[in-house]
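**Q** Quick one, structure for this:
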Amino acid sequence: MARRGVALILTLFASVLLMAASAFVTFYFLVGREPAIPRSATLAIRLGSDLAEVPPDDVFGYIGGARTPTVRGIVDNLRKASVDDRIRAVMVKTDGFTTPYWGKIQEVRNAILDFKESGKPVYVYLEFAGDRDYYLASAADQVFLMPSSSVDLTGIATYALFLRGTLDKIGAYADLRHIGAYKTAVNQFTETGFTEAHREMSESLNRDLFDEIVRGIAVGRNKSEDEVRAIIDGGPLLAADAFEAGLVDHLAYQDQVEEILRNGNEESELADTSEVSGEDYERVSLASLGLNRGPRIALLYVAGTIVNGRSGYDPVSGSVVGSDTLIEYIGRATRDDSIRAVVLRIDSPGGSATASDAVWHELQAAKEDEHERPIVASMSDLAASGGYYIAMGADAIVAQPSTLTGSIGIFGGKLVTGGVYEKLGANIGTTSVGAYAEMNSPVRPYNEAEGQKLEEYLQAFYDNFIEKAAASRQTTPGQIDRVAQGRVWTGRQALENGLVDQLGGLDAAIALAKERAGISPEREVQLVVYPPRRNLYEVLSDQLARSGAETAISRWLAANFSAPEIEGMRALRGPFGLFRRGEALALMPFTFVR
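**A** Prediction:
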C-alpha cells in the first residue's frame, strides 16, 4: 500500500514537471517567434530605471529576454528601425533613470542621433524629466513634457559616504593601506570627510560632466552654451518655464501627442501608423534586415566587479565577473579561426588585482598568437582600476566622454572587528605558528612589520601596474605615474591624458576593430557574443540546481529598497563581502554620483 502511495506521488510530481516544461516550451515558441510588423509603424521605446549591459541569465530573462532592455538591445532596435521601411518614426518615453552614471545614457543618446541621419524623426515624451532623461531627450526632433511635470536640471552634485565615525562608535577599525594620493576608495572607511585630493578629484569630475551635459543640450536645442548654463542655474524649471526657455516643444499629456503632431503636419510620420513596442521589435532579427552579417567579430562582455574564479551574481553588489570565466571565453574566441577581431565591452569598477592581472595576461597571449587578431576595448559607464587594467590588454581603447576611467592605483588591508566583540563582552583568543601567521587577523591592526609587508606588496603591484600601462599607452612609467596615483578621470579627460585612444561607444569600437582587421567600413559584421546565450535546457537545469536563497534575497531587496538604497548598502559593506581579508584590490572609490 505504501509503495502504491509513493508511486502515485512520484507520478503526480512527474506530471507537474512535464506540464510545467511543456508550458515553458510553448511560451518560448510563442514569444520567440518574430512579430508581424505593420507596413506603416511607429517604434515605441520605453526607457527608465537602470540600463544593463547584459540581460539576466535566468528562466524569465531567457524566455522574456526582450522585456529586459539592454543598452545594445536599444541601440540595435534603433539600427534596425533606421533601415526598416516599415518604421516611419520613433517615439521614446522615459520614466526616470536611477543609474548614477552617464556613459550608457550617452550611448543611447548617440544612437538616437545616428537614427536621425536616416531622415526619420524621433519624438520624446517626458512624464518625468530628470537630468539624465532630459539630456537624452535633447537629441530628439521634438520633446513633449507633461504639463504638471518639471525639468529637473540643476547641475551635478557628488555625494561620498564616510564611515570612520561609525566604525569608531562600534569599536571597529579599517586598517587599509593604499598606493596613489587619489586612491580614495579607502577614505570611506578611514576618513570623516573629504581629503584635499579627494575633493579636488570629485570637483574635477563634476566640472567635466557638467560641461558635457551643457554641450549636448546646447547642440540639441540650438542654444549657446552660456544660455544653457544660465537655464540650469535657474533650475529646476516648472513645465511652463521649460517651454518658455525652449527646452521642450509642447506641453501635453501622452494621449494628446499624436493629435498635436497630426494637426501640426498633415503629412506627419505618425499619420495612419500602428505602434510597435520596443519589446516586440527586439524580436525582429538584425539579419532579416541585412544587419549583423559578414565577417565575424567576437564581442566579450566584462560587466561587473572582477573576482577570482567563476562569474556569478551577488545580491547586493550585482554581477561579478570571474577571471576563470573571462579567460575561458577569451580562449574560445581566439581559438575560433573565423573570428577576425575581438571587442571587449567593459563596465566594471575593478576588483581583485590578481584576477585583473590574470585576464590581462590572457589578452597579451591572445594578441601574440599566430592569428594576430586586433583587440579593442569599449568602455561603458565605468572602466576603472581593475577594469582599466583589463583594457590595457587591448590594442586600442574607446571611451564615452562621460565614462569614469583610470584609477590606476591599488589598496589593501582589513577591517579589524576585535573591538566590536569587546563591547559585547566577548573575547577572541588566538594561537599561531609563524612570524606572520596572524597578519590578517580580524582582532587587531597590523603591527609595524606586517604593515611594511603589505605596503611592499602594494607598491610592487602599483609599479607593475604603471609599467604595463606605460607599455600599453606607448609612453614612460613616469608619464603614467603623473596621471595615475589612483585618480579617476572622465573619458574626455582620459583622452587628453593619453589613457584612451578615441571617444565613442560600442559601435565606434567595432568600427575601429573592423579597420584594424582590414574589413571595409561599409561592410556589415556578425557579432559573436560572449558569454554566449545558454539554451532553455541549460537555464532550467541551472535554475533548478541552484539554491533559491540568492534569488529570494535579490527579489526581497528589489521589492523593499530603491536603487539608491541598495547602492548605499553596497557602500556600507564596501569591498569586504566579495574579497579575501588583506587581498590587494584595484577598485575605484565608492561614490554616489547624483
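**Q** Going by residue numbers, what spans are strands in the stretch 201-350 of the chain?
**A** Ranges of strands in the stretch 201-350 of the chain, per DSSP state E, counting those that start in this stretch, are 237-238, 250-251, 274-277, 296-303, 305-307, 312-314, 318-322, 339-348, 350-352.
**Q** Summarise which helices and strands the longest one is packed against.
**A** Right, strand 339-348. Here strand 339-348 touches strand 296-303, helix 323-335, strand 375-384, helix 386-391, helix 506-516, going by 3 or more Cβ pairs under 8 Å, 6 or more residues apart in numbering; DSSP states H and E. Every residue, glycine included, has its C-beta placed from N, CA and C.
**Q** other SSEs contacting the longest one?
**A** It refers to helix 323-335. So helix 323-335, by 3+ Cβ pairs under 8 Å, 6+ apart, packs with strand 296-303, strand 339-348, helix 353-367, strand 526-530.
**Q** and what of the shortest one?
**A** Helices and strands touching helix 386-391, as assessed by 3+ Cβ pairs under 8 Å, 6+ apart, comprise strand 305-307, strand 339-348, strand 350-352, helix 353-367, strand 375-384, strand 404-406, strand 585-587.
**Q** Could you list the low-pLDDT ranges of this protein?
**A** Scanning the chain for pLDDT under 70 picks out the ranges 1-33, 56-68, 264-272, 314-317, 370-371, 534-578, 581-582, 589-594.
**Q** can you rerun that using 80?
**A** Scanning the chain with the threshold set as pLDDT under 80 gives 1-34, 49, 55-69, 262-273, 313-318, 368-372, 533-585, 587-594.
**Q** Let me see the domain layout of it.
**A** Using automatic domain parsing, the domains assigned to the chain come out as 34-154+235-288, 293-408+486-534.
**Q** Check the ones you listed for me and report the most buried one.
**A** Highest mean neighbour count among the domains of the chain (mean count of other Cβ atoms under 10 Å): domain 293-408+486-534, with a mean of 21.
**Q** Out of the helices and strands packed on strand 339-348, which gets nearest to Asp168?
**A** strand 375-384 (28.9 Å; Cβ to Cβ).
**Q** Paired strands for that closest one, with orientation please.
**A** With DSSP bridges as the test, strand 375-384 is paired with strand 339-348 (parallel), strand 396-399 (parallel), strand 404-406 (parallel).
**Q** got the angle between the longest one and strand 296-303?
**A** In other words, strand 339-348. Going by axes from the mean of the first three to the mean of the last three Cα atoms, to 10 degrees, strand 339-348 is angled at 10 degrees with respect to strand 296-303.
**Q** and Gly504, what does it touch?
**A** Asn110, Val398, Ala399, Gln400 (Cβ atoms under 8 Å, 6 or more residues apart in numbering).
**Q** Specify which member of the residues you listed is nearest to Asp141.
**A** For these, the minimum distance to Asp141 (Cβ to Cβ) is 15.6 Å, reached by Asn110.
**Q** quick one: secondary structure of Leu454?
**A** For Leu454, the assignment made with DSSP: H, G, I helix; E, B strand; the rest coil gives helix.
**Q** That one: neighbouring residues, count only.
**A** Neighbours of Leu454 under the rule other Cβ atoms under 10 Å: 20.
**Q** That one and Gly413 touch, don't they?
**A** Yes: here Leu454 reaches Gly413: they are 6.8 Å apart, a contact under Cβ atoms under 8 Å.
**Q** ranges for the strands of the stretch 1-150 of the chain?
**A** Counting by DSSP E, counting those that start in this stretch, the stretch 1-150 of the chain has strands at residues 41-49, 87-97, 122-126, 142-145, 150-151.
**Q** and of those, who's closest to Ala333?
**A** Smallest distance to Ala333 across the strands of the stretch 1-150 of the chain (Cβ to Cβ): 30.8 Å, for strand 41-49.
**Q** Return that closest one as CSV; C-alpha atoms alone will do.
**A** Only the C-alpha atoms of strand 41-49 are listed here, as CSV (Å, rounded to 0.1, in the frame of the first residue of the first chain):
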residue,chain,number,x,y,z
ALA,A,41,4.5,51.7,-37.9
THR,A,42,5.9,53.9,-35.1
LEU,A,43,8.5,52.2,-32.9
ALA,A,44,7.7,53.0,-29.2
ILE,A,45,10.7,52.7,-26.9
ARG,A,46,10.2,52.9,-23.2
LEU,A,47,13.2,53.7,-21.0
GLY,A,48,13.7,54.1,-17.3
SER,A,49,15.3,52.9,-14.1
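**Q** Skip the chain neighbours and tell me the closest residue to Pro442.
**A** Using Cβ to Cβ, 6 or more residues apart in numbering and skipping residues adjacent in sequence, the residue nearest Pro442 is Thr417, 5.2 Å away.
**Q** Quote the end-to-end distance of stretch 394-403.
**A** With Cα to Cα, to the nearest Å applied, stretch 394-403 spans 17 Å between its terminal residues.
**Q** and it, how far from the chain's centre?
**A** Distance of stretch 394-403 from its chain centroid, counting by Cα atoms, centre = their mean, to the nearest Å, is 14 Å.
**Q** repeat for stretch 482-489
**A** Stretch 482-489 sits 21 Å away from the centroid of its parent chain (Cα atoms, centre = their mean).
**Q** End to end on that stretch, go ahead and measure it.
**A** Terminal-residue distance, stretch 482-489 (Cα to Cα): 13 Å.
**Q** Please work out which residues outside it touch it.
**A** Residues contacting stretch 482-489 (Cβ under 8 Å, 6+ apart): 178-185, 201, 205, 384-385, 404-411, 465-466, 469, 497-499, 588-589.
**Q** Nearest residue to the most centrally placed residue in the chain in space, please, no chain neighbours.
**A** Residue closest to the mean C-alpha point of the chain, counted by Cα atoms, centre = their mean, is Asp347 at 4.3 Å. Distances taken as Cβ to Cβ, 6+ apart place Ser380 nearest to Asp347, at 3.7 Å, with adjacent residues excluded.
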